[in-house]
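Peer 1: Quick one: sequence plus predicted model below, questions after.
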Amino acid sequence: MALIAVGQLTSTASMANNLRQCQILVKKAVQAGAKALFLPEATDYISSSAPESLGLCKSVQESEFVKGLQEEARREKLPIHVGVHEPSETSQRIRNTVLWINEQGEIAHRYQKIHLFDVDIKNGPILKESESVEPGSKIEKPYDLTGVGKVGSTICFDLRFPEIGLSLRRLGAEIITYPSAFTVPTGQAHWEVLLRARAIETQSYVIAAAQVGRHNEKRVSYGHSMIIDPWGRIVASLGGEKGEEPEIATATIDLELVKKVRAEVPLRRRTDVYPEV
């Protein structure tokens with residue numbers, strides 16, 4: 001068993017301020033005795049426009065935000081799972097990715113968001129992520145986080161597609177992450193029910209670190225970061241209001257519970273009737 005921490009913050013266009021918030025979260029996670037810290041989507045920055053986002057984007061080698069987190073991970077011996085932006089190598093758009101920074105401060109794993117958030121909700125936001133973001137093209141094999149479990153990465157809008165979670169389960173995932181920046185209308189309607197469904201159908205722990213509060217005059221995020229066990233129970237959660245400083249919630253990952261749930265309720269796929277995901 002291992003204690004892990006999920007962090008919640010309000011990123012803005014100031015990467016220096018966002019790094020300071022993350023440093024607070026690292027300190028809190030270390031004080032709590034966590035063996036890993038999970039941070040939201042786009043922790044490095046949230047901009048007010050596509051041109052601003054493109055202008056802020058830096059490679060991990062040049063990003064003071066990423067280098068600062070690498071130093072935190074190295075100094076505290078704390079693995080960090082964090083959502084950032086990276087330049088595309090093939091287009092003028094950017095990549096929405098998550099990085100695994102290991103306890104040596106090295107980038108040991110990354111995943112690029114597959115499903116992009118293009119919506120026009122009545123009385124809600126109009127967001128077209130594909131204007132500035134390049135979609136990923138593959139599901140990455142789960143990363144074996146020593147002492148915690150095998151972690152499969154997804155990002156935000158991927159949550160709405162059960163196929164990616166089922167594929168990660170088939171690849172051996174015991175934990176599936178959904179770092180996010182959900183809008184308030186979609187969060188109120190769907191956030192918890194989708195997260196619990198993904199945990200139940202994959203019989204895995206789900207870790208969902210979320211952005212919270214007002215980032216700028218155009219963007220507000222729902223918050224409500226949570227950790228859900230393989231039976232679908234919420235075992236840790238945070239609220240939806242921005243506090244005075246960023247917060248963490250912690251829970252224990254029990255891989256024996258994963259084995260127990262999978263053994264007691266075996267989900268045998270009828271791949272003779274429908275395709276395997």
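Peer 2: Alright, I've got the coordinates.
Peer 1: What residues does W231 make contact with?
Peer 2: The contact partners of W231, by Cβ atoms under 8 Å, 6 or more residues apart in numbering, come to 199-200, 257, 261. Placement of C-beta: from N, CA and C, glycine included.
Peer 1: And for E131?
Peer 2: Contact analysis of E131 by Cβ under 8 Å, 6+ apart lists A50.
Peer 1: Could I get the phi/psi values of it?
Peer 2: Backbone torsions of E131, given as degrees, to the nearest 10, read phi -60, psi -30.
Peer 1: quick one: it from L195, how far?
Peer 2: To L195, E131 is 27 Å away according to Cβ to Cβ, to the nearest Å.
Peer 1: for S63, same thing?
Peer 2: 29 Å.
Peer 1: Please say which of these two ends up with more neighbours.
Peer 2: Neighbours of S63 and L195, each counted by other Cβ atoms under 10 Å, are more numerous for L195; the result is 24 against 21.
Peer 1: Contacts only, for that one.
Peer 2: By Cβ under 8 Å, 6+ apart, the contact set of L195 is 159, 178, 206, 208, 226, 228.
Peer 1: Is it correct that it falls within a helix?
Peer 2: Yes - when classified by DSSP: H, G, I helix; E, B strand; the rest coil, L195 is found to be part of a helix.
Peer 1: quick check: longest helix of this protein.
Peer 2: With DSSP state H setting the assignment, residue counts place helix 15-32 as the longest helix in the chain.
Peer 1: Might one say that E134 is in contact with T97?
Peer 2: No - between E134 and T97 there is no contact under Cβ atoms under 8 Å: 10.2 Å.
Peer 1: intersection of neighbour lists for the two?
Peer 2: In terms of Cβ under 8 Å, 6+ apart, E134 and T97 are both contacted by the residues Q112.
Peer 1: How about the backbone phi and psi for Q70?
Peer 2: phi -60, psi -40.
Peer 1: OK, contacts around it?
Peer 2: By Cβ under 8 Å, 6+ apart, the contact set of Q70 is 101, 105-107.
Peer 1: give me that answer again for 7 Å
Peer 2: Applying Cβ atoms under 7 Å, 6 or more residues apart in numbering to Q70 gives the contacts 101, 105.
Peer 1: again, but for the one 10 residues further on
Peer 2: Residues near I80 by Cβ under 7 Å, 6+ apart: 37, 39, 69, 73, 101.
Peer 1: so of the residues you listed, which ones are in helices?
Peer 2: Per DSSP H, the contacts of I80 map to helices at 69, 73.
Peer 1: Quick one: which of the contacts of I80 is the most crowded by neighbours?
Peer 2: Per-residue neighbour counts (other Cβ under 10 Å) across the contacts of I80 peak at L39, which has 35 neighbours.
Peer 1: For K138, see how far away S49 is.
Peer 2: Distance, S49 to K138, by Cβ to Cβ: 29 Å.
Peer 1: Ok, H81 next?
Peer 2: Taking Cβ to Cβ, one finds H81 at 18 Å from K138.
Peer 1: Of those two, which one has the most company?
Peer 2: The residue with more neighbours, out of H81 and K138, is H81; 28 against 8, by other Cβ under 10 Å.
Peer 1: Give the helix, strand or coil label for that one.
Peer 2: In three-state terms, and counting by three-state DSSP, H81 is strand.
Peer 1: For the stretch 151-277 of the chain, which segments count as helices?
Peer 2: Using DSSP state H, counting those that start in this stretch, the helices found in the stretch 151-277 of the chain span residues 162-170, 184-186, 192-202, 255-264.
Peer 1: Of all those, which one comes closest to R270?
Peer 2: R270 sits nearest to helix 162-170 of all the helices of the stretch 151-277 of the chain, at 13.4 Å, using Cβ to Cβ.
Peer 1: That closest one packs against which elements?
Peer 2: Identification of packing neighbours for helix 162-170 by 3 or more Cβ pairs under 7 Å, 6 or more residues apart in numbering; DSSP states H and E yields helix 192-202.
Peer 1: and the residue lying closest to P246 once chain neighbours are set aside, how far is that from A173?
Peer 2: Distances taken as Cβ to Cβ, 6 or more residues apart in numbering place L9 nearest to P246, at 3.8 Å, with adjacent residues excluded. Counting by Cβ to Cβ, the gap from L9 to A173 is 25 Å.
Peer 1: Please say which of those two ends up with more neighbours.
Peer 2: More crowded of L9 and A173, by other Cβ under 10 Å: L9, with 29 against 25.
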